[in-house]
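1. after the sequence you'll find the predicted model.
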Amino acid sequence: MTISEAAAQGTFRYSPVQGRAEAPSRLPLSAGQQREWFRHEWSGPTGNVAVAVRLRGELSTEALRAALRFVAARHEALRLTFGAEGGMPFQVLAPPVRPEPAVGAIPGVHHADRERAVREALDAEFNLRFDLTAGPPWRVRVFELDSDDHVLAFTLHPLCADHHSAELVLADVARAYSAHRAGQPPPGVPLTVHYPDVVVRERERQVSGEFEEHLRHWQRRLSGLPVVELPADRPRPAGWSGRRGVVDTELAGSADRGLTGAAERRGLAPLALVVAGFAAVVARYTRADEVVLGTSLPGRAGPGLESVVGPLAGAAVLRLDVTGDPTFGELAEQAGAALEEASRHEVPFASVVSRLRPAREPSRHPLFTLAVDRAVPVTSAEFAGLRAERCEPPATRRDLDLALAVAAEPRALRLRTEYATDLFDRDRVERFVRHLCRMLSVAADDESRPLSRLGVLDHHERADLLVRGRAAPLAHRTEPLHALVSRQATRTPHGTAVVVRGRELSYAELEARAARMAAALRQRGVRPGSLVGVLCPRDINLIPCLLGVLRTGAAYVPLDPSHPADRLAMIVADAGLAALVTRQPLLDRLPAGLGMPILRLGHDIDLDRPAVSPAGPDAGGDAAVGPDALCEVLFTSGSTGRPKGVATTHRNVVSFLDGLLATVPADRFARVALGTAISFDASLVELWPPLVTGGTLVVVDNLLLASSTPGELEGITMLNSVPSVLTAYLRVAAV
């Protein structure tokens, strides 16, 4: 009979005093352990539990070994090993072991570098993988900095411990060490409950249907759960690297007293007000109507569980509504109710996830990306004859974007914020924490103020924004686009303007070809206000054709040769084109009998012939074009219905360029790749900035093909594309 079958029949009870004579050798995993097991198998070390203490004085390794033997015998969770059969994991309780601490020096470290060396050693230790089949699921290391200076570090796998468990282990080791040095037996009352008992009790609750009511509650409560993400410095990766950052701060003095007073007036724990402040800042950053946060549950509410080592801590979801601009006090009441609800309906979080079945991503927690937790209380760890100093633990919430741990101390509220460096830079997180502290300080003074009236900016940030706001308005030029290119050609006539597959056009040659194109179009009746279709390959004459259209006072309508013939025919009919510029082979893409003048490159006009002068003998004068004249007409994709032509004026394009050039240094446009189709509005970022600043436009047929021949883009200063294409290019270019 398996343990789960025995639990279902109510015939299996375990008393640690009587032993486990009737217990099977294999025990099932709890719901939380099952989740950690699969994370261990597929993701590796993603969240080991760690605690460390610095010990100054003469360390007795004999007393330490005795203390470790006592702790290993006292806590059954530290003697578990794990395996799987038929895809189902199980755990086995091994006999008491004789754990030996691994003692090693950190060589070659000067006194000034010890703190950094200890941090690096602990980070490396806490990230090591466990062999769960061999056990034990915990590890003890002693780092020797000097003969009287050591760091004692415990690393526990989350299958056997949570953070409260790590504190229990450290406290028990300290007491047993001190007792051994004094020649006394280890203190402490024998445990009446062990973690395997908790697993059995959980199975009983599952079989009895006790979980079902709570699971139905969470299914209703979390239906349609929104995804809330803070603005980030980098796109979300496919999977976490494991690198985390930490920002520590505290709310002290009048701010802490005010927050504590506000909590007492409303009968709430300080955590509820911190949750409200956190949610208010997230709502301010994201403009979300609902803020979804995770929180931790200690999982030790039952009798005898306060001293049990094991993965008892759970998680719950707090769903806070910030619509209607509630007051901070109202949001705090809502946060307090959400925390109480989480405790009242506590079930294994893995069971909630299994019931909801959310879409899973390796770099996203199943139900939330942000969390606010109670910090685990730090237990006393006094080693006889040694001066003990707690080491700051490493970041541990490695499955979240950002997590805040709150510790209420007698004279301050300590806040520890862990964040994913894959997403955020440190200064962004520090700014978020400043805004949170500011929000809490202001709200403590007047909790009846609506969230919209609670400022998060400090004096310096406000002053900086006011200075920026009073800056002189950006002066937008009123000249037409082609005039800006002509002005640049006058300044740098011999500079390289366009490059296509090794062929180059200087600015003077670009102007000459554009002038001849404009003259040919005027001869065919193109006038200011006309629309001219441009159906051209991405060759050396594409840019002269566009400029030539603009110099007549007309607007160009780009037609992409790669688009379906039906779409091209629709655009031609809908736009009412006055003329079409193309090449003979591309005419087959259009219906016969267009009823408009057609200017065929290489047949009706030869732009490749040498120019007599920069303007050319047949250039003629440019038409007078005002800033509100049309510059281009781009047709939408039609994904929401029939494609529509979107008209853009010269003022629109030039104002966009002025704003772009006021933000991005001009040297970024020294050599720009035109990889985007000119029928797509994103091409404006690539097409015109280099030509109005003296840069070079490199026209490529296909950026994916260019990525296979990086030499074509050698010296490029700006590349604009989707992340997958950029990644492919960077990978090939780095070879």
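-> Structure's in. What do you need?
2. A strand includes Y177, no?
-> No: going by DSSP: H, G, I helix; E, B strand; the rest coil, the assignment for Y177 is helix, not a strand.
3. state the pLDDT value of it.
-> On pLDDT, Y177 comes in at 95.
4. what about the spatially closest residue to it that is not a sequence neighbour, how many residues nearby?
-> Of all residues not flanking Y177 in the chain, A67 sits nearest, at 4.2 Å (C-beta to C-beta, 6 or more residues apart in numbering). For glycine as for every other residue, the C-beta is placed from the backbone atoms N, C-alpha and C. As a burial measure, A67 scores 26 neighbours (other C-beta atoms under 10 Å).
5. same deal with G715?
-> The tally of other residues near G715 (other C-beta under 10 Å) stands at 9.
6. and the residue nearest to L521 when sequence neighbours are not counted, what does it touch?
-> Leaving aside its sequence neighbours, L521 sits nearest to T552 (C-beta to C-beta, 6+ apart; 5.1 Å). The contact partners of T552, by C-beta atoms under 8 Å, 6 or more residues apart in numbering, come to A518, L521, R522, V526, R527, P528, S530, V532, D622, A623.
7. same thing but 7 Å
-> T552 sits next to A518, L521, R522, V526, A623 when contact means C-beta atoms under 7 Å, 6 or more residues apart in numbering.
8. contacts only, for the second one.
-> Meaning L521. Counted by C-beta under 7 Å, 6+ apart, L521 has contacts V532, G548, V549, T552, A579, L599.
9. try the last one
-> Neighbour list for A623: P528, T552, G553 [criterion: C-beta under 7 Å, 6+ apart].
10. could I get those residues as a markdown table with secondary structure and pLDDT?
-> Formatted as a markdown table, those follow (DSSP: H, G, I helix; E, B strand; the rest coil; pLDDT from 0 to 100):
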| residue | secondary structure | pLDDT |
| --- | --- | --- |
| P528 | coil | 95 |
| T552 | coil | 96 |
| G553 | coil | 95 |
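11. which element, helix or strand, includes the residue nearest to Y177?
-> Assigned by DSSP states H and E, A67 belongs to helix 61-74.
12. tell me the helices and strands packed up against that helix.
-> Other elements packing on helix 61-74 under the criterion 3 or more C-beta pairs under 7 Å, 6 or more residues apart in numbering; DSSP states H and E are helix 163-181.
13. could I have the CA atoms of the helix it packs on written out in CSV?
-> This file holds the C-alpha atoms of helix 163-181, laid out as CSV (Å, rounded to 0.1, in the frame of the first residue of the first chain):
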residue,chain,number,x,y,z
HIS,A,163,13.6,30.6,3.9
HIS,A,164,12.1,30.2,7.4
SER,A,165,13.6,26.7,7.4
ALA,A,166,17.0,28.1,6.7
GLU,A,167,16.7,30.3,9.7
LEU,A,168,15.7,27.3,11.8
VAL,A,169,18.7,25.3,10.7
LEU,A,170,21.1,28.1,11.5
ALA,A,171,19.6,28.7,14.9
ASP,A,172,19.7,24.9,15.7
VAL,A,173,23.3,24.7,14.6
ALA,A,174,24.2,27.7,16.7
ARG,A,175,22.6,26.2,19.8
ALA,A,176,24.0,22.7,19.3
TYR,A,177,27.5,24.2,18.6
SER,A,178,27.4,26.2,21.8
ALA,A,179,26.1,23.2,23.9
HIS,A,180,28.9,21.0,22.6
ARG,A,181,31.5,23.6,23.5
